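Student: Return a 3D structure for these sequence lines:
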Amino acid sequence: MILVSGATGNIGRPLIAELAAKGVKVRALTRTPDTARFPEGVEACDSGRPDFDGVSALVLNITGGSVALLEAARAAGVRRVVTVSALVVAEEADPEEGGNAAVHRALEEAVEAAVQEWTHLRPGAFAANSLRWVPQLRAGDVVRGPYAEARTSPIHEADIAAVGVRALLGDELLGQAPALTGPQGLTFAEQVEIIGSVLGRSLRYEEISADLAKQAMMAHSPGMRGEQFDSMLRYFADSVGKPAPITDEVERILGRPPRTYAEWVTDHADAFRN
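Tutor: Numbering: from 1, shown residues only. From the prediction side, this is the model:
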């Protein structure tokens, strides 16, 4: 049995779907077990009362309760943990206290101390981060945000999930922390242009100050701390005029190229239209 935290999130849903399709027993942690919908055979479990009976592996997303969940897994004898971490851990040799790199590395270290079998997935920018623009695009043709020329290599969440499945079901990724990226470096402005191309609309990105952007980001993600937003905005600022990090880890592990950003937009086009 595999226990998946963040089961209704961007990575959790495709990961659970792939495991279920392979006939793997899955227990999905969710705050709404009575209403959350999962593939047939998947057990929904209240994240406030995690059930470790028969669980041999855990997918651990970073949340306010991740340390307690990890401790409960260790006490229950869970052998393997796959951590959803972040690329910034590898990029920042001396991470600032409270920033994203420090927070994720602390979780990685806790996992390494708790279990012998671990893999840390270190994805870069999620393509799904673009969903934060949905309200603006439903209201008009302009996306307002920070650093129009900030460059990332957005990765499709299904690719992260597929690597996670490999880490859960095989041993080839044990003790590894693969850095996962999409295949292209794209600015925020270019991402908005691609969304427009897929939707058949003329869209543009309008840069606003970092302070205004932080307020909007905090409203969109209330569970994150201010230091993490500051860290993220500094990362965006530092990426302006630089090539985005691109790795070949997705292709090495899955035997195929990572999905492009345009493919991600096509897969999620209805979210921008409805």
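Student: Tell me the gap between the helix or strand of the chain with the lowest mean pLDDT and the middle of its chain.
Tutor: Lowest on mean pLDDT, DSSP states H and E among the helices and strands of the chain sits helix 210-220, with a mean of 79. In terms of Cα atoms, centre = their mean, to the nearest Å, the centre of helix 210-220 is set 19 Å apart from its chain centre.
Student: Now do that helix: which elements does it pack against?
Tutor: helix 226-239 (3 or more Cβ pairs under 8 Å, 6 or more residues apart in numbering; DSSP states H and E). C-beta: built from backbone N, CA, C; applies to glycine.
Student: hmm, who's touching the helix it packs on?
Tutor: 88, 96-101, 103, 146-147, 150-152, 210, 213-214, 217-218 (Cβ atoms under 8 Å, 6 or more residues apart in numbering).
Student: Mind checking which of those residues are buried?
Tutor: The neighbour-count test (16 or more other Cβ atoms under 10 Å) applied to these identifies 88, 99-101, 103, 146-147, 150-152, 210, 213-214, 217 as buried.
Student: which residue ranges form the strands in the stretch 101-250 of the chain?
Tutor: Remark: strands assigned in the stretch 101-250 of the chain by DSSP state E, counting those that start in this stretch are 117-123, 142-145, 151-152, 179-180, 186-187, 204-207.
Student: for the third one, packing partners?
Tutor: Contact analysis of strand 151-152 by 3+ Cβ pairs under 8 Å, 6+ apart lists strand 186-187 as its packing neighbours.
Student: The strand it packs on pairs with which strands?
Tutor: Sheet pairing for strand 186-187, assigned by DSSP bridges, gives strand 151-152 (antiparallel).
Student: Pull the distance from the strand it pairs with to the chain's centre.
Tutor: With Cα atoms, centre = their mean as the basis, strand 151-152 stands 16 Å off its chain's centre.
Student: now swap in stretch 125-138 and tell me
Tutor: Stretch 125-138 sits 14 Å away from the centroid of its parent chain (Cα atoms, centre = their mean).
Student: Tell me the buried residues in that stretch?
Tutor: Going by neighbour count (16+ other Cβ under 10 Å), the buried part of stretch 125-138 is 125-128, 130, 133-134, 136-137.
Student: Compute the first-to-last residue distance for it.
Tutor: 23 Å (Cα to Cα, to the nearest Å).
Student: and what of stretch 254-266?
Tutor: Start and end residues of stretch 254-266 are separated by 21 Å (Cα to Cα).
Student: Am I right that residue 29 is in a strand?
Tutor: Yes - according to DSSP: H, G, I helix; E, B strand; the rest coil, residue 29 belongs to a strand.
Student: still on that earlier bit, how far off helix 226-239 does the least confident helix or strand of the chain point, in degrees?
Tutor: Taking axes from the mean of the first three to the mean of the last three Cα atoms, to 10 degrees, helix 210-220 and helix 226-239 form an angle of 130 degrees between their directions.
Student: on that earlier part again, with distance to residue 34 as new columns, can the buried ones among the contacts of helix 226-239 be given to me in JSON lines?
Tutor: JSON lines is the format used below for the buried ones among the contacts of helix 226-239 (distance: Cβ to Cβ, whole Å):
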{"residue": "88", "distance to residue 34": "36"}
{"residue": "99", "distance to residue 34": "37"}
{"residue": "100", "distance to residue 34": "33"}
{"residue": "101", "distance to residue 34": "37"}
{"residue": "103", "distance to residue 34": "31"}
{"residue": "146", "distance to residue 34": "39"}
{"residue": "147", "distance to residue 34": "41"}
{"residue": "150", "distance to residue 34": "41"}
{"residue": "151", "distance to residue 34": "43"}
{"residue": "152", "distance to residue 34": "37"}
{"residue": "210", "distance to residue 34": "41"}
{"residue": "213", "distance to residue 34": "37"}
{"residue": "214", "distance to residue 34": "36"}
{"residue": "217", "distance to residue 34": "31"}
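Student: Now the two most distant members of these.
Tutor: The widest separation within those, taken as Cβ to Cβ, falls between 103 and 151 and amounts to 23.2 Å.
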